[in-house]
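*Asks:* Structure for this input, please:
(one chain, ligands or ions: 2)
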Amino acid sequence: MRILITGGAGFLGSHLSQRLLNEGHEVICMDNFFTGRKRNILPLLQNPHFELMRHDVTDPFKVEVDQIYNLACPASPVHYQYNAIKTIKTSVMGAINCLGLAKRLGARVFQASTSEVYGDPSVHPQPEGYWGHVNPIGIRSCYDEGKRCAETLFMDYHRQNGVDIRIVRIFNTYGPNMCPDDGRVVSNFIVQALQGKDITVYGEGQQTRSFCYCDDLIEGFIRLMNQDQTTGPINIGNPGEFTILELAEKVIQMTGSSSKIVHEPLPSDDPKQRQPDITEARKLLGWEPTVSLDQGLKPTIAYFDRLLSEEA
Ligand code: NAD
Ligand code: UDP
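*Replies:* Ligands and ions are numbered 1, 2, ... in the order given. A predicted model of the protein is given here:
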């Protein structure tokens with residue numbers, strides 16, 4: 001198949017591109033390089049089945065493809081809050097452009113949604129049926145509400161126009177090719193530990209997240225995209241739940257760093273807990289994560305170590 005990936009030069013897009021090329025598909029990678037990096041796709045540029053398109057997903061586009069994965073959107077709070085209006089435009093107009101193209105082509109289209117649609121959840125762990133607890137006017141809203149609106153658009157194009165959709169709700173995912181300065185917790189802590197700087201825990205560090213390794217997540221993407229039982233939304237994430245303080249201690253121990261933990265103010269609307277209920281993914285996709293946090297942190301630390309020495 002020929003497959004379009006928007007946001008293909010980002011962290012997850014680069015892993016998905018590699019996986020689809022390995023399976024013998026042609027990949028068109030579209031990216032405006034806001035948070036994506038050429039370095040992530042450098043090994044792919046020599047592949048004749050890989051094509052790079054510098055384009056903004058908010059501007060209309062025409063390509064002939066069999067499948068579309070819509071991943072374009074900054075994912076870290078620092079980056080998505082940098083230009084909040086652009087973030088919501090990317091989610092909403094990006095979804096409309098992908099859905100319009102899918103409708104014209106009869107192509108299957110996949111939306112990278114997020115656990116952020118659950119906001120600061122009052123139900124724990126979060127099943128797909130939970131409608132969420134999202135502040136519509138806070139500093140995270142440009143991302144959360146943009147993604148919620150994109151899900152609405154996907155469902156309405158499906159109901160109204162019969163567009164063949166798949167929606168995944170991604171829970172915190174980490175691994176090689178993350179941007180070192182994107183402000184997400186795993187990249188921040190590892191970079192700080194490797195550089196011997198203070199580890200910045202926001203608040204008391206008692207808030208929790210559940211961390212999924214990128215290879216597990218991409219396997220979930222492929223399974224969801226290539227089955228006919230469900231359109232989703234479906235949660236993909238690792239139910240292993242850790243406090244942010246536990247993560248900081250783990251990173252210090254695994255890097256052998258002398259860094260000290262310092263506490264900084266907790267940003268507003270920061271969700272207190274997050275854990276995916278993956279009953280549906282287990283049942284419908286036969287999917288579950290296979291990589292523990294300890295196992296996944298090893299290659300991630302090795303990647304940042306290489307990156308920092310290259311950039312030194
Ligand atoms: P990322 O920032 O590394 O990748 C996003 C990519 O989209 C980048 O390459 C960026 O340059 C590109 N992009 C941004 N705006 C664009 C635009 N207007 N036009 C074209 N390209 C644009 O983040 P990621 O972690 O790889 O996330 C990929 C997708 O998965 C995002 O949609 C994100 O919301 C979603 N997601 C990720 C996580 C996670 O933990 N990694 C969790 C939930 C959801
Ligand atoms: N966090 C932290 N220190 C950092 C970066 C993040 O304590 O240097 C916390 C943040 O407040 C949040 C959690 O780690 O509670 C996860 O943050 P991230 O930005 O990775 O993702 P999200 O909040 O979107 O899940």
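*Asks:* Around ligand 1, pick out the residues from this protein.
*Replies:* Taking CB under 6 Å from any ligand atom, the part of the chain that reaches ligand 1 is made up of 6-7, 9-13, 31-36, 56-58, 71-75, 90, 112, 114, 170, 172-173, 179. C-betas here are computed from N, CA, C, even on glycine.
*Asks:* May I have the host helix or strand of E246 as CSV, with CA atoms only?
*Replies:* Under the criterion DSSP states H and E, the helix or strand holding E246 is helix 244-255. The C-alpha trace of helix 244-255 is given here as CSV (Å, rounded to 0.1, in the frame of the first residue of the first chain):
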residue,chain,number,x,y,z
ILE,A,244,6.5,11.2,38.9
LEU,A,245,8.7,11.0,41.9
GLU,A,246,9.2,7.2,41.3
LEU,A,247,10.1,7.9,37.7
ALA,A,248,12.7,10.5,38.8
GLU,A,249,14.3,8.1,41.3
LYS,A,250,14.3,5.3,38.6
VAL,A,251,16.0,7.5,36.1
ILE,A,252,18.7,8.7,38.6
GLN,A,253,19.4,5.1,39.6
MET,A,254,19.5,3.8,36.0
THR,A,255,21.8,6.6,34.7
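*Asks:* Can you pull out the residues in contact with the very next helix or strand once past it?
*Replies:* Moving toward the C-terminus from helix 244-255, the next helix or strand (DSSP H and E) is strand 261-264. For strand 261-264, the external contacting residues (CB atoms under 8 Å, 6 or more residues apart in numbering) are D198, I199, T200, V201, Y202, G203, E204, G205, L245, A248, E249, I252.
*Asks:* And the helix or strand following strand 261-264, how far out from the chain middle?
*Replies:* As assigned by DSSP H and E, the chain's next helix or strand after strand 261-264 is helix 279-280. The chain centroid and the centroid of helix 279-280 are separated by 20 Å under CA atoms, centre = their mean, to the nearest Å.
*Asks:* swap in stretch 285-304?
*Replies:* Per CA atoms, centre = their mean, the centroid offset for stretch 285-304 relative to its chain is 15 Å.
*Asks:* now do stretch 129-147
*Replies:* Stretch 129-147 has its C-alpha centroid displaced from the chain centroid by 16 Å (CA atoms, centre = their mean).
*Asks:* got a list of contacts for it?
*Replies:* By CB under 8 Å, 6+ apart, stretch 129-147 touches 73-74, 77, 80-81, 84-85, 87-88, 90-92, 113-114, 116-123, 148, 267-269.
*Asks:* 7 Å instead?
*Replies:* Stretch 129-147 is contacted from outside by 77, 80-81, 84, 87-88, 91-92, 113-114, 116-123, 148, 268-269, using CB atoms under 7 Å, 6 or more residues apart in numbering.
*Asks:* now swap in stretch 83-100 and tell me
*Replies:* So stretch 83-100 is contacted by 6, 57-58, 60-61, 68, 70, 72-74, 80, 109, 111, 142-143, 145-147, 149-150, 153-154, 157, 163 (CB under 7 Å, 6+ apart).
*Asks:* ok, now stretch 106-119?
*Replies:* 65-71, 95, 98-99, 102, 126, 130, 132-135, 140, 143-144, 147-148, 150-151, 154, 163-171, 225, 233, 237, 271, 274, 276.
*Asks:* Give me the contact status of the helix holding E246 with ligand 2.
*Replies:* Yes: residues of helix 244-255 are located near ligand 2 by CB under 6 Å from any ligand atom, namely I244.
*Asks:* Report the buried residues of that helix.
*Replies:* I244, L245, L247, A248, E249, V251, I252, M254, T255 (16 or more other CB atoms under 10 Å).
*Asks:* ok, back up a step: buried ones among the contacts of stretch 129-147?
*Replies:* Here, 16+ other CB under 10 Å leaves 77, 80-81, 87-88, 91-92, 113-114, 116-121, 148, 269 buried among these.
*Asks:* What ranges does the stretch 1-150 of the chain have for its strands?
*Replies:* 2-6, 26-31, 50-54, 67-70, 108-114 (DSSP state E, counting those that start in this stretch).
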